[in-house]
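Asker: need the 3D shape of this:
(one chain, ligands or ions: 2)
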Amino acid sequence: MTEPRNTLTDEEKHKARQQKIKANVDERVAKATEERGVLVVITGNGKGKSTSGFGTVLRAVGHGLKAGVVQFIKGSKWECGEMNILKQFPVEHHVMGTGFTWETQSKETDIAAAKVAWEKSKAMLSNPNIDMVLLDEMTYMVKYGYIDLDDIIETLNNRPKMQHVLITGRACHRRLLELADTVSEVQPIKHAFKAGVKAQKGLDW
Ligand code: ATP
Ligand code: MG
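Answerer: Residues are numbered from 1 along each chain as shown. Ligands and ions are numbered 1, 2, ... in the order given. Take a look at the predicted model:
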């Protein structure tokens with residue numbers, strides 16, 4: 001008499017698979033024991049970089065942590081829903097003074113504004129009381145050569161050990177990608193703007 005080849009029911013197979021996955025995850029969780037500040041870069045051409053950065057700041061603030069935000073692009077005339085909420089909390093905030101980039105009028109003014117924003121960032125990146133720093137759209141300052149990359153890397157390397165930093169923006173410099181602990185690239189599959197939908201309040205700003 002021949003034995004049936006597979007006596008496991010679907011339920012049992014599912015259970016065995018799940019146990020294997022759980023053992024694998026448990027093992028990796030057990031190995032991750034280090035506690036330190038993490039440098040996160042969120043780059044790519046798709047939508048979701050700044051919202052991810054601001055969402056993470058909100059997450060930190062929700063735990064009672066202290067955060068700092070520097071916005072390297074939005075001029076003061078640009079509203080931003082996230083900041084309207086975050087400024088009600090103890091979040092240090094600096095917005096670069098000009099409407100930088102495609103609307104730019106004067107390169108000199110932009111460079112000066114970028115340098116001021118970077119000095120504000122440096123103050124946050126040397127303050128151990130700030131648990132998380134968001135440098136929104138900072139990648140462009142490197143791309144345009146407005147802030148010295150060596151200075152950025154040195155400052156990031158010397159920041160307080162437990163401080164998390166988030167950098168957002170397209171076309172992130174290779175050296176920053178190398179330095180980062182976590183890098184996500186947001187890929188555009190579609191964007192409503194391309195179909196003629198204008199930027200929508202609450203969704204895009
Ligand atoms: P968000 O702030 O919505 O997370 P983002 O930070 O990923 O977007 P940016 O490159 O900073 O994207 O662009 C800022 C604005 O441009 C946002 O209003 C966003 O919705 C819009 N946008 C983002 N990606 C695209 C795209 N691929 N095509 C057209 N518009 C885009
Ligand atoms: Mg953005």
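
Asker: which helix or strand contains the residue of the chain found nearest ligand 2?
Answerer: When scored by Cβ to the ion, the chain has residue 50 as its residue closest to ligand 2, at 3.2 Å. Every residue, glycine included, has its C-beta placed from N, CA and C. Using DSSP states H and E, residue 50 falls within helix 49-62.

Asker: residue contacts, the residue of the chain closest to ligand 2?
Answerer: Residue 50 makes contacts with 82, 136-137, 168, as judged by Cβ atoms under 8 Å, 6 or more residues apart in numbering.

Asker: determine which two of those residues are furthest apart.
Answerer: Spanning the widest gap among the contacts of residue 50 are 82 and 137, at 13.2 Å by Cβ to Cβ.

Asker: quick check: phi and psi on the nearest residue to residue 72 once chain neighbours are set aside?
Answerer: For residue 72, ignoring the flanking residues on the chain, the nearest one in space by Cβ to Cβ, 6 or more residues apart in numbering is residue 137 at 4.4 Å. In terms of degrees, to the nearest 10, the main-chain angles of residue 137 are phi 70, psi 30.

Asker: for this structure, longest helix please?
Answerer: Ranked by residue count under DSSP state H, the longest helix found in the chain is helix 10-31.

Asker: what about that helix, distance to the chain center?
Answerer: From the chain centre to the centre of helix 10-31 is a distance of 31 Å (Cα atoms, centre = their mean, to the nearest Å).

Asker: ok, stretch 115-122 next?
Answerer: 18 Å.

Asker: residues contacting that stretch, please?
Answerer: Against stretch 115-122 from outside (Cβ under 8 Å, 6+ apart): 70-72, 94-97, 133, 135, 138, 141, 146-147, 151-152, 155.

Asker: top of these by neighbour count?
Answerer: In terms of neighbour count, residue 138 stands highest of the contacts of stretch 115-122 at 29 neighbours, by other Cβ atoms under 10 Å.

Asker: can you tell me how far that residue is from ligand 1?
Answerer: According to Cβ to the nearest ligand atom, to the nearest Å, residue 138 and ligand 1 sit 11 Å apart.

Asker: follow-up on the earlier one: so of the contacts of residue 50, which ones are in helices?
Answerer: Reading helices off those with DSSP H, I get residue 82.

Asker: tabulate the CA atom coordinates of the helix holding residue 50 in PDB.
Answerer: In PDB, the C-alpha atoms belonging to helix 49-62 read as follows (Å, rounded to 0.1, in the frame of the first residue of the first chain):
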ATOM      1  CA  LYS A  49       9.000  62.800  -0.400                       C
ATOM      2  CA  SER A  50       8.100  65.800   1.600                       C
ATOM      3  CA  THR A  51       4.900  64.300   2.900                       C
ATOM      4  CA  SER A  52       6.900  61.400   4.100                       C
ATOM      5  CA  GLY A  53       9.400  63.700   5.800                       C
ATOM      6  CA  PHE A  54       6.700  65.800   7.500                       C
ATOM      7  CA  GLY A  55       4.800  62.600   8.400                       C
ATOM      8  CA  THR A  56       7.900  61.300  10.200                       C
ATOM      9  CA  VAL A  57       8.300  64.600  12.100                       C
ATOM     10  CA  LEU A  58       4.600  64.300  13.200                       C
ATOM     11  CA  ARG A  59       5.300  60.800  14.300                       C
ATOM     12  CA  ALA A  60       8.200  62.000  16.400                       C
ATOM     13  CA  VAL A  61       6.300  64.900  17.900                       C
ATOM     14  CA  GLY A  62       3.500  62.500  18.700                       C
END
